Structure formats: C-alpha cells, structure tokens
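*Asks:* sequence isn't available, so here's the structure alone:
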C-alpha cells in the first residue's frame, strides 16, 4: 500500500526527516507518534503531495508522490489538524463544494453525501451551517469530506486534538468502524492511550528518525515491560535463582520475599520450558505473570522522555 523509502527533508542545514523507510500494508490502522518537531507532520505533508522531499521516494501502490500530483491526491483522503473557515456554507454545501473539486457529478455527490453523513452520524445536520457545529462534529465532517472520492488511504493529523472526552470516543469509534470496513488509515497523534486502543501498528519518530515501527504487540515484546516476568514461589527460592542465572538471555533483576523479577529475551515456548524446569527442580511456584508494558512507557523509553 504505502511505501516510503529513504525519505529525507532538509530546511537549510536542518534535517527534519532523516532517511525514513516505512511500509504500511493495505488494511492497516497505523499510528504515527513522536515529540513535537520529530518530523511526523513533515512526513505526512510529503506523502500528501503538499511538500517536496529533499531525497527518497513515496508511493501508494505504483503511484509516486509528487507536489501537485493529481493521481496521488485521488488516492489520499487527508484530514489536517485544523478545519479551515467555511462559516457561510451549510454541511450539504460543504460536501458539494469538495465533490466538485474532485470533478464528481452532482448526483453522485448527493448520494455519497447522504451515505457519508450517516456514517459519521451527521445526517440530521445536513442543512446546518458549518460554523454552528461543535468541534467534534466538524472533525467528523472532515472525515466524511476526505472519504468523498473513496480514497485508498486516509491520513489524519491529530484528529482528536481539542475534542472533549465524548467527541474523542465518537472519533475513535468512527475510525475503528472505517478500519473494520477495510480502509487503510494513518493517524498522527500524541494521545498515546487512544492509539493503543485503535491501531494495530505504530511508528515512533524522534529528531527526524523513525526509531521503530511494526505491530504494537511485537514492539511491546522488544522492550523491558513486555519482557519482564514476575515469578512467585513459596519454597526453594535459592534454587530458582540459581537456575535462572544459568540461562543465557535471562537477567535476574530483583528478589523480594517470595518473588523474583527477571527480564528475558525469547519465545513464549522457551518461557514455558523455563517454568517447567523450575517445577522439576522442586521450586514451589505460586504464580507468575508478564509485566504489562504500555504505549506511554514505550514512547518515553524510546524517545528519552521527550515531551509530545
């Protein structure tokens, strides 16, 4: 679907995006996160054909991105982090205006407008003036407008910014619904908890570099939170510690009362074998569990605690 290869963007001597390479498969709901100035918005603007890259390439399928490329813009629906000024347009007129910009026929615009307003739960607002809508409604209207020409890729820059809790939930449910319908979606956001609930994949940027990208569960397995195991035993703690220390890839981090905390690299099958070995050596286990990491802790760990 979306292929980014060695993408670079320079502003004089400042490099905003540094040799970024990324592949987002069709049907993904991908979350783009990073501190302010990390290069997320610059990358998105290049993908959308709004900004010229200094080097590298971007393509959707076999179509390459270029500033002003009509072919690329037909493939992308873009929802920026600001709405714009359309105070004197009704919701229906707003959709008509954008449909005409895509060269669509009036009858097609009218039919799609009805369907899309129903999708974003704004059917009863079609004759309302845009400036009377709440911010959450305007954001959902932006999504409807971005879907008007049936793009292959939907890109949203901070879609929940400035929304109240109810509007955030409504936006989250809308995006999850679109994903279930097979849409490929890229979201740039700093609300990490929402991304972890919506996205199946993420990419984390810092100082223009893509630090890591992939499925959330795979990335979480690579950090300490995902690989930290708590082992609880009521007898033969010393035997357990000896066995654990003998295993390559296992680090005993702490021992407190009847609990041993280890960090490890390896598969779940290897963990099961390790637990089985402890039991065979008369270690009386009362329980064990994997310490759950979070997207917030992952972000802080990989970006050195940078603010968003």
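*Replies:* That came in fine, so what should we check first? None of the values given here were measured: they were computed from a predicted structure.

*Asks:* what's the closest non-adjacent residue to residue 38?
*Replies:* Nearest residue to residue 38, sequence neighbours excluded (C-beta to C-beta, 6 or more residues apart in numbering): residue 205, at 4.1 Å. From N, CA and C alone the C-beta is placed, and that goes for glycine too.

*Asks:* surely the one you found touches residue 41?
*Replies:* No. Counting by C-beta atoms under 8 Å, residue 205 stays clear of residue 41, with 10.2 Å between them.

*Asks:* neighbour count winner among those two?
*Replies:* More crowded of residue 205 and residue 41, by other C-beta atoms under 10 Å: residue 205, with 27 against 19.

*Asks:* check contacts around that one.
*Replies:* Counting by C-beta atoms under 8 Å, 6 or more residues apart in numbering, residue 205 touches 20, 32-34, 38-40, 43, 211.

*Asks:* need the worst-confidence member of those.
*Replies:* Lowest pLDDT within those is found at residue 34 (86).

*Asks:* so which residues of this protein form helices?
*Replies:* Remark: helices assigned in the chain by DSSP state H are 40-47, 70-75, 91-101, 106-119, 135-146, 165-180, 192-198, 216-222, 224-227, 237-246, 268-280, 295-303.

*Asks:* least reliable of the ones you listed by average pLDDT, please.
*Replies:* Averaging pLDDT over each of the helices of the chain puts helix 224-227 lowest, since it has a mean of 54.

*Asks:* can you give me phi and psi for residue 62?
*Replies:* Per-residue torsions, residue 62: phi -100, psi 10 (degrees, to the nearest 10).

*Asks:* then the one 3 residues further on?
*Replies:* When read as degrees, to the nearest 10, the backbone of residue 65 gives phi -80, psi 140.

*Asks:* looks like it contacts residue 52 (just checking).
*Replies:* No. In this structure, residue 65 is not within contact of residue 52 by C-beta under 8 Å, at 9.6 Å.

*Asks:* now do the shared contacts for those two.
*Replies:* Listed contacts common to residue 65 and residue 52 are residue 46; contacts here mean C-beta under 8 Å, 6+ apart.

*Asks:* who has more neighbours, the two?
*Replies:* More neighbours surround residue 65 than the other of residue 65 and residue 52, with 26 against 12 (other C-beta under 10 Å).

*Asks:* list the beta-bridge partners for the closest residue to that one other than its chain neighbours.
*Replies:* In space, residue 65 comes closest to residue 58 once its chain neighbours are excluded; the distance is 3.8 Å by C-beta to C-beta, 6+ apart. Assessed by DSSP bridges, residue 58 has beta-bridge partners residue 4.

*Asks:* what about residue 58, how many residues close to it?
*Replies:* By other C-beta under 10 Å, 22 other residues sit near residue 58.

*Asks:* what's the answer for residue 56, then?
*Replies:* 16.

*Asks:* now residue 181
*Replies:* Residue 181, neighbours per other C-beta under 10 Å, totals 9.

*Asks:* domains in the protein, by residue range?
*Replies:* Residue ranges for the domains of the chain, per automatic domain parsing: 2-221, 224-292.

*Asks:* okay if I get these as CSV plus distance to residue 299?
*Replies:* Putting the domains of the chain into CSV (distance: least, C-beta to C-beta, whole Å) gives the following:
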stretch, distance to residue 299
domain 2-221, 6
domain 224-292, 12
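
*Asks:* let me see the contact set for residue 202.
*Replies:* Going by C-beta under 8 Å, 6+ apart, residue 202 touches 30-33, 195, 213-214, 216, 219, 295.

*Asks:* filter these to the buried ones?
*Replies:* Burial by neighbour count, judged by 16 or more other C-beta atoms under 10 Å, picks out 30-33, 195, 213, 216, 219, 295 from these.
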